Every structure is written in structure tokens, then in C-alpha cells.
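J.: Dropping the sequence and predicted coords here.
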Amino acid sequence: MMTFLTIAIGMIAIATILLVLPLRKKTVAATGEQEENIIILRDQLSQLDVDFAEGRIAADQLQDAQRDIEKRLLLEERAIAADQAPVGAKPKRILFPALLIGIGVPVCTVALYLWIGNPVATDPLAQSQQPALTQQDIQNMVEQLATRLEKDPNNPEGWQMLARSYAAMQRFPEAAKAYKKAMELNPNNAQLTIDYADFLAYQNQSAKGEPMRLILRALELDPSNIKALALAGTAYYEEGQFDKAEQYWARGLKLVPPDGEVAKAFTDNIADARQAASAKKK
């Protein structure tokens, strides 16, 4: 037992150091778009729970969508990890994440072991029997959803999920068709409208034109939609209307928990907008 504890403590220490050191040696910068995508995806996960609880989607649809969004989250997080700050970029604040990792990893590891600590949990054979979701599994689920929609084409939620899935798989033409079908069936759905706007903005690499029209339409349908407020701020920021960008982000900030990541993102964006507005006036 003592040998096991010694090895475990040593591995925790090494893992913690390996996680913290990169934060000190280099600045790994996530782009604003990637951070925003993560915020949006997490918001979508929360929205799915609400939709399921209110009976708007079935359990299998909920599971499909959750797997899809979780995969997209993983891709975004990997993308952030792969990004490096450009030369001359402002260094990111690393104190908080360093402390979070330095303290959180050991504490969580010990707590997790105390919770599930038993020989079976550390048995390699038992672990190997746990099913892992592969890329092929995800593709199969998406194809199954597409097949179901061929039989039940008047299902706007299904088309919306299919569109998100295709977008996550970078099958953009199929995603565009699915989004159009969903919009035809449910044109007054604020979340669908803003999702479609987000997709078009990503495709065009700009929120100008149709994406902007859809963003404003989504806000007409739901003035408190966090994603719509976030994208509206981004769109106006892109147009150089920094005061308007700040106004939309400030509205979003009032609607989210003050200590969460979303609030921090809004706060950072507002600071950027103010700085840009000040620089523009000079």
C-alpha cells in the first residue's frame, strides 16, 4: 500500500508540473473566436438540458446532440492548445490557471481516488472493457439521424441537430442544407436563428450581410439570448462600431453568473471595445 501511495503521489506531482510548466514557458493564446465558441457550446449544452426537461427534444436526440457538442468542445479546446501567441502579443495572465492546476489537480485526484478507489477501478483489464466513442461511432450516429429525418422530414429540431453535427464534421454543404431546412420549418426559433447566423459568419469569415441580419432577428425573437448578444457585439466590433459592441456585451454580462467564464469573456471583450474606441478617437 505504501509503495502504491508513493508512486501515486509522485505521478500526481509530475503530472501537475507538466501541466503548469507550459503555462510558464510559453503563452498559449486562444483566439477570441475559439473562446467564444467554447462559451457558446457550453451554453448549448445547458440549453439542451432545458429543451429536454421541457419536452422539446427526445432522449435520443439529447444524447446525440450532447455527443456532438462535446466533440466540438474537444476540437475547440485542442485548437486553443495548438494556438500560440503571435510575436509581440500581450502575454496572457497565467497566475490563475497555474494555481488552478497546481492546487486543483492534486486535490481532485485524491478526492477522486477516495471516491472510486478500489482495485477494480485501477484494473487495466476492467478499464480496457470501457467502450470508447470513436470517430466512426459519431459518423454512424449522424448518418442514423439523417436517415431518420428522411422518414420524418418535418422535424425542425432534428434538422438543427443534423446541421450542427455536419458543421462539427466540417461537412459544410450538408450543414448549410440542414440549417435551411430547419429554418424553413421553424423560422421564429431564436436559438436556431442565431446558430445559423453563427454558421454563416464562420463560413464567410465575417458577420456582415446575412449573418448580421439573422443576429438582429434572433434578438428580436429573444432579447436575452446570450449567444445572440455575444455575436451582436462581435459583429459591431468587426464593423468598427465599438460603442455598440460594448453595449451588447454589457447586456450579456448582466444575464450571466458574475463569477463564471462567460462573464469573464464578456468583461474582457468590453475592455477591448473600450480600448479600441479610445484609440479610434485619438
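T.: Yep, that arrived.

J.: which one is E35 nearest to, not counting chain neighbours?
T.: Closest residue to E35 apart from its sequence neighbours, by C-beta to C-beta, 6 or more residues apart in numbering: A265 at 5.8 Å. The way it works is simple: take the backbone N, C-alpha and C, and place the C-beta from them, glycine included.

J.: same deal with Q191?
T.: Distances taken as C-beta to C-beta, 6+ apart put Q47 closest to Q191, at 6.4 Å, once the chain neighbours are dropped.

J.: what's the host helix or strand of S46 packed up against?
T.: Assigned by DSSP states H and E, S46 belongs to helix 32-53. Counting contacts by 3 or more C-beta pairs under 8 Å, 6 or more residues apart in numbering; DSSP states H and E, helix 32-53 is packed against helix 59-82, helix 226-238, helix 261-281.

J.: same for the last one, what does it pack against?
T.: With contacts taken as 3+ C-beta pairs under 8 Å, 6+ apart, helix 261-281 sits against helix 32-53, helix 226-238, helix 242-253.

J.: does A178 really touch W159, like I thought?
T.: Yes - the pair A178 / W159 is scored as a contact, 5.1 Å apart, by C-beta atoms under 8 Å.

J.: low pLDDT regions in the stretch 101-250 of the chain?
T.: With pLDDT under 70 as the threshold, the stretch 101-250 of the chain has low-confidence stretches at 101-133.

J.: number of nearby residues for A58?
T.: 12 (other C-beta atoms under 10 Å).

J.: quick one: buried residues of stretch 64-72?
T.: Neighbour-count burial for stretch 64-72 flags 64-65, 67-69, 71-72 (criterion: 16 or more other C-beta atoms under 10 Å).

J.: tally of neighbours for L231?
T.: So L231, with other C-beta under 10 Å, has 26 neighbours.

J.: ok, it - contacts?
T.: By C-beta atoms under 8 Å, 6 or more residues apart in numbering, the contact list for L231 reads 194, 197-198, 201, 207, 211, 215.

J.: Could you work out the most separated pair of those?
T.: The most widely separated members of the contacts of L231, counting by C-beta to C-beta, are I194 and A207 (11.3 Å).

J.: Touching both of those two, which residues are there?
T.: Shared contacts of I194 and A207, defined by C-beta under 8 Å, 6+ apart, are found at 215, 231.

J.: Have a look at these two and say which one is more surrounded.
T.: I194 (27 against 24).

J.: Just the mean pLDDT for the helix holding S46, thanks.
T.: For helix 32-53, the mean pLDDT works out to 72.

J.: Put the alpha carbons of that helix into CSV.
T.: Written as CSV, here are the backbone C-alpha positions of helix 32-53 (Å, rounded to 0.1, in the frame of the first residue of the first chain):
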residue,chain,number,x,y,z
GLY,A,32,-11.4,35.3,-29.3
GLU,A,33,-13.4,33.2,-31.7
GLN,A,34,-12.3,29.9,-30.2
GLU,A,35,-13.1,31.2,-26.6
GLU,A,36,-16.4,32.4,-27.8
ASN,A,37,-17.2,29.1,-29.5
ILE,A,38,-16.5,27.2,-26.2
ILE,A,39,-18.8,29.6,-24.4
ILE,A,40,-21.4,29.1,-26.9
LEU,A,41,-21.1,25.3,-26.9
ARG,A,42,-21.4,25.1,-23.2
ASP,A,43,-24.4,27.3,-23.4
GLN,A,44,-25.8,24.9,-26.0
LEU,A,45,-25.3,22.0,-23.6
SER,A,46,-27.2,23.9,-20.9
GLN,A,47,-29.9,24.7,-23.4
LEU,A,48,-30.2,21.1,-24.4
ASP,A,49,-31.0,20.1,-20.8
VAL,A,50,-33.7,22.8,-20.8
ASP,A,51,-35.1,21.6,-24.1
PHE,A,52,-35.2,18.0,-22.9
ALA,A,53,-36.7,19.0,-19.5
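
J.: rewinding a little: relative to A271, how far out is the residue nearest to Q191?
T.: Computed as C-beta to C-beta, to the nearest Å, the Q47 to A271 distance reads 27 Å.
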